[in-house]
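**Q** could you work out the structure for the sequence below:
(chains A and B)
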Amino acid sequence: MNIKKIFIAFLITLFSFSYAVAKDVKITVWAGGTNEADYYRMEAIKMAADILTREMAIQGEEINITVEGKRDFGGWGEFKQAVTLAAEDGSAPNIVVTSHLDIAPWSQAGYIVPVEDYLDMDAWPLNDIYDNLMEIAAYNGIQYGLPQDAESRPFFFWKEYLKGIGYSDSDIDALPSKVASGDYTLANVLEDAKKAVSMGLVEEGYGFYPRVSNGPDYAQFYQSFGGELMDSASGKLLLDKASMQEFYQFFADAVAAGVTKKNHIGTDWGQWYNEVANGKAAFWHGGTWHYARYTGKEGNDDFFGTIQFTLIPAGNDRGRANTITHPLVYLVTNQNDEDLQDIASQLVKIASEPRINSLHAIESAHLGISKQQSNVGLYANDQWAAEATEVLLGSANAQPNHLQYGVFSEAMWAGLESVWTGSKSAADAVNDLESELSSKLGDDLLVR
Amino acid sequence: MNRINWFGFIFISPVLIMVLLFFLTPVVMTAFFSFTNMSTSTGIKGGEYLINQETIKEIKKYNIQKDTIEKLENAGYSINEEGLKIISEKYKESLSNEIKSLYFGDKFSNRKDLERALKKLKKNKIKKTRDRKEIAEIFKESIINERFVSKSIFEENLIKLEINQNDREVIIKESYTGWSWTNNNFKLIYNLPSSYKFAFYTLIYVSFTLTFNVVFGLFLAISTFYLPSKTASTFRTIWFLPRILPPVLYVLMWKWFTWDTGFISQMSTYFGASPKNWMMDSPIHAWTVIVLINGFVGASFGMILFSSAIKAIPSSMLYASEVDGANRWQQIWNIIIPQLRWPIMFTTAYQTLSLLTSFEYILLATNGGPGRSTEVWALAAYHTALQNYAGNLQYGLGATYALVLVIIGIIASLFYLKFFNFKDLVTKPRIEG
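**A** Residues are numbered from 1 along each chain as shown, chains lettered A, B, ... in the order given. Model (predicted):
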């Protein structure tokens, strides 16, 4: 009798247990260019998994999602190699967080699938995301990804040195609008940097202290002098020779004037951050996310008291004050499994909810992706997010999603390097750039 | 006799396998890649057929019929009997009927519009976004933005759109997303001014580093030869350090030594000089440091080889010379160096080949800078094929750079074999003949 009871009990447990066993799904997220402060890029997907599991349970589908995140890839180069090789091998992660510039080559290669195949783009929260950010995550008119964060790349001034060369508090406060209107230009930057060096406020080479490696930042200076990256009518990449030459010349002049170091390129990033965050340089440019690093690891307790930020000033009459936003995007990879791709798409959608995205935005000092974030207390009450959104995001543009943009960008940088280090004159560098790009890009290039 | 030959093969097989795996296969693959336009966007394993806005732009450049483009561009989604039939079979008849009653005969230019229309269904609400998209796809007439896995399926779809054969061929060619065979990479390298610069830098790199390797290796070997053996081995171990240190660490130490925050600058500030980046200040600084970095690594190789060769010189010759009153210089010049002829030539040959293809220390130290003035050929191959900030890596072009090095390497090897009279060196001892 007893044995029979136990047996029945056993059967019942077994039955109920097997009934309750949910479908297990493992989602991997690889995030490129992701520092410690950016952990919400992966954490948001975990939160989304929790919500999606609950939603599906209510609809009667038991599912158990485990999310695995990975962010330690060395650098962007290693990350991109890892993703492409994994995709060729068929073992790509389900979700990648990467630059929007990867959309063109990766979609062409078939590594990623359009999220618009799985998501209702008219519905919450996607209908609340800024249109220009959505456009950046699309290619050839197809919505491949969703913006993960927004940022922009401002010009920074160390307030104390501005005062040192004769600026009053109200002058400093008026600087952002003077830059925006084009009254304060890169020529003024050079002039003021020279003063800061000659008055001994900063050491030689620290008047203007730019980014130490290639990045979207340098395209901003090309735009400052009237350059455009892509011809909107033909969709071709655009080499504006006059603007390029003036842009190169600006850096050559900065070196000649002793305000920028000739061998600045390749300076250690750690050293660079520490120096700009603590007033070793007079002027520099960086990204909105630097706020987290300056006030965190580098120990600047009074960001707003010590640093002023503006758009990148215009360089000449043809150019404009500008800033480039280089949003990272969530992309869903091709897994040859519609269900998995669907789940991954749902997860990135949920992770884009204003409340969840604000966690990342504030924790890592990035900007929000959707309008409603200004109604999320956490976001609205953060001085940096609020001010940076107001001063910068309105004038921000992005680099083009074009298959050959990588070649263009690398060649432009190589030219700048050679002028900067004094191995070529600006005019020679531009001519070399033209011949290099014409052979490499052929019909994809328009020279003006 | 035959049996012995087989034994030979068995004994040599591990080496053969290694050569096959680690030398021959990469070379063959490099040659193969170099004749393709392979890049991130083409993928490696082949491609599919896809028409998108880009493709249409390309197609327009050919001389094809106007209505072909219209057929491709303007086709959208249309609610027709055919589609409704599929819906009633695959889903529900009532769903098919409701769509029919609301939208029969309607045309939608894109999927979004049709999806919005489908959301308005009342009786047969489609709950899941994914289902709604699938149903919308059934009414699709255009083939834009759709990936076709094979040429035959793609062509069938083009035929359905009544596109003539001539135009079909153009479209098929332009819409293929994978790589194709080409010799453009070679033309491009030939035409690019930067190629000649990379070649020139490689020449500088190889000749200077090689000279340093051999001369310094020789100096170390001879100077330690005259030291007491214990002291000599201590010195040799010290000079061997650069070779056994991990390259990343070794180069990092050079950075600490030469950068403007490093040792030299710190010391020179005591004497009133302003700090300076001794590695990156100018191309000459960079080249000096690179030759030293690589030179110290290579010198240890020469040192070991020359030291053992010196030991093989019969000591009686040295004693005899001393009896004859020869000083150290005369010993070195008239006895040691002539006897080292073969090891010196071997080191030269071997190091030329390995320097041609090595770039890791340059990558770590200057990464080709300042201003690309230390971008040697092998580094250019690496940068082209494996590093691009904005994503599209050019595997094909990079492989072509690499193939040029392989060819130069093979020619140089053949030359050295001839020059050293390799056959003489490996002839069987006459005593066994």
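
**Q** let me see the contact set for B:F420.
**A** By C-beta atoms under 8 Å, 6 or more residues apart in numbering or on different chains, the contact list for B:F420 reads B:W342, B:M345, B:F346, B:A349. Yep, even glycine has a C-beta here, placed from its N, CA and C like the rest.

**Q** give me the phi and psi for it.
**A** Main-chain dihedrals, B:F420, degrees, to the nearest 10: phi -80, psi 0.

**Q** distance-wise, check A:F250 relative to A:S395.
**A** As judged by C-beta to C-beta, to the nearest Å, A:F250 and A:S395 stand 20 Å apart.

**Q** any part of stretch A:350-359 near chain B?
**A** No. If you take C-beta under 8 Å from any C-beta of the partner chain as the test, stretch A:350-359 misses chain B, and the best it gets is 13.1 Å.

**Q** and A:L238, that one's in a strand?
**A** Yes. Judged by DSSP: H, G, I helix; E, B strand; the rest coil, A:L238 forms part of a strand.

**Q** beta partners for it?
**A** For A:L238, the beta-bridge partners under DSSP bridges are A:L446.

**Q** now A:S345, nearest residue through space, not along the chain?
**A** Among residues not flanking A:S345 along the chain, A:Y118 sits closest, at 3.7 Å (C-beta to C-beta, 6 or more residues apart in numbering or on different chains).

**Q** contacts only, for the one you found.
**A** Going by C-beta under 8 Å, 6+ apart, A:Y118 touches A:V332, A:Q341, A:D342, A:S345, A:Q346, B:T129, B:R130, B:K133.

**Q** how about residue 109, nearest residue that isn't a chain neighbour?
**A** In the absence of a named chain, this looks at chain A. Leaving out its chain neighbours, the residue that sits closest to A:A109 by C-beta to C-beta, 6+ apart is B:G43, at 4.0 Å.

**Q** let me rephrase: I mean chain B.
**A** B:G76 (4.4 Å).

**Q** sorry, back to before: would a markdown table of the contacts of B:F420 with distance to chain A and neighbour count be doable?
**A** Compiled in a markdown table, the contacts of B:F420 are given as follows (distance: C-beta to the nearest C-beta, whole Å; neighbours: other C-beta atoms under 10 Å in any protein chain shown):
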| residue | distance to chain A | neighbour count |
| --- | --- | --- |
| B:W342 | 41 | 11 |
| B:M345 | 36 | 14 |
| B:F346 | 37 | 16 |
| B:A349 | 33 | 18 |
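
**Q** of A:F250 and A:S395, which one has the most company?
**A** Neighbour count, other C-beta atoms under 10 Å in any protein chain shown: between A:F250 and A:S395, A:F250 has more, with 24 against 15.

**Q** list the contacts for the more buried one?
**A** Counting by C-beta under 8 Å, 6+ apart, A:F250 has contacts A:L186, A:L190, A:F221, A:F225, A:G315.

**Q** from the chain's centre, how far out does the helix or strand hosting B:N213 sit?
**A** In this assignment (DSSP states H and E), B:N213 forms part of helix B:193-225. Relative to the centre of its chain, helix B:193-225 is centred 23 Å away, using C-alpha atoms, centre = their mean, to the nearest Å.

**Q** now do that helix, average pLDDT.
**A** Helix B:193-225 carries an average pLDDT of 92.

**Q** just the C-alpha atoms of the very next helix or strand once past that helix, please, in CSV.
**A** Moving toward the C-terminus from helix B:193-225, the next helix or strand (DSSP H and E) is helix B:229-244. Written as CSV, here are the backbone C-alpha positions of helix B:229-244 (Å, rounded to 0.1, in the frame of the first residue of the first chain):
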residue,chain,number,x,y,z
SER,B,229,82.9,31.2,-19.1
LYS,B,230,80.7,31.9,-16.1
THR,B,231,80.7,35.7,-16.7
ALA,B,232,80.2,35.0,-20.4
SER,B,233,77.1,32.9,-19.8
THR,B,234,75.7,35.6,-17.5
PHE,B,235,76.1,38.2,-20.1
ARG,B,236,74.6,36.0,-22.8
THR,B,237,71.6,35.3,-20.6
ILE,B,238,71.1,39.1,-20.2
TRP,B,239,71.3,39.7,-23.9
PHE,B,240,68.9,36.9,-24.4
LEU,B,241,66.2,38.6,-22.4
PRO,B,242,64.6,40.6,-25.2
ARG,B,243,63.9,37.4,-27.1
ILE,B,244,62.3,35.5,-24.2
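
**Q** what angle do helix B:229-244 and helix B:193-225 make?
**A** Per axes from the mean of the first three to the mean of the last three C-alpha atoms, to 10 degrees, the angle that helix B:229-244 makes with helix B:193-225 is 160 degrees.

**Q** which strands and helices sit next to helix B:229-244?
**A** If you count contacts as 3 or more C-beta pairs under 8 Å, 6 or more residues apart in numbering or on different chains; DSSP states H and E, helix B:229-244 packs onto helix B:193-225, helix B:283-311.

**Q** so which residue of the stretch 201-350 of chain A comes closest to chain B?
**A** Nearest residue of the stretch 201-350 of chain A to chain B (C-beta to the nearest C-beta) works out as A:N263 at 3.9 Å.

**Q** can you count the residues close to residue 179?
**A** All of this refers to chain A. A count of neighbours around A:V179, defined by other C-beta under 10 Å, yields 26.

**Q** sorry, should have said chain B
**A** Residues near B:W179, counting by other C-beta under 10 Å, number 22.

**Q** and the chain, what are its domains?
**A** With no chain named, the answer covers chain A. Following automatic domain parsing, one gets these domains for chain A: A:2-147+A:328-397, A:155-325+A:401-447.

**Q** meant chain B actually
**A** Looking at automatic domain parsing, the domains of chain B come to B:49-175, B:192-387.

**Q** was I right to think B:G47 contacts B:S175?
**A** No. B:G47 is beyond contact range of B:S175, at 9.5 Å (criterion: C-beta atoms under 8 Å).

**Q** neighbour count winner among those two?
**A** Higher neighbour count among B:G47 and B:S175: B:S175, with 24 against 20, using other C-beta under 10 Å.

**Q** contacting residues for the more buried one?
**A** Contacts of B:S175 (C-beta under 8 Å, 6+ apart): B:Y49, B:L50, B:I51, B:T55, B:F154.

**Q** next: A:S374.
**A** A:G368, A:A380, A:A386, A:T389.

**Q** you'd agree B:N124 is in a strand?
**A** No. Using three-state DSSP, the assignment for B:N124 is coil, not a strand.
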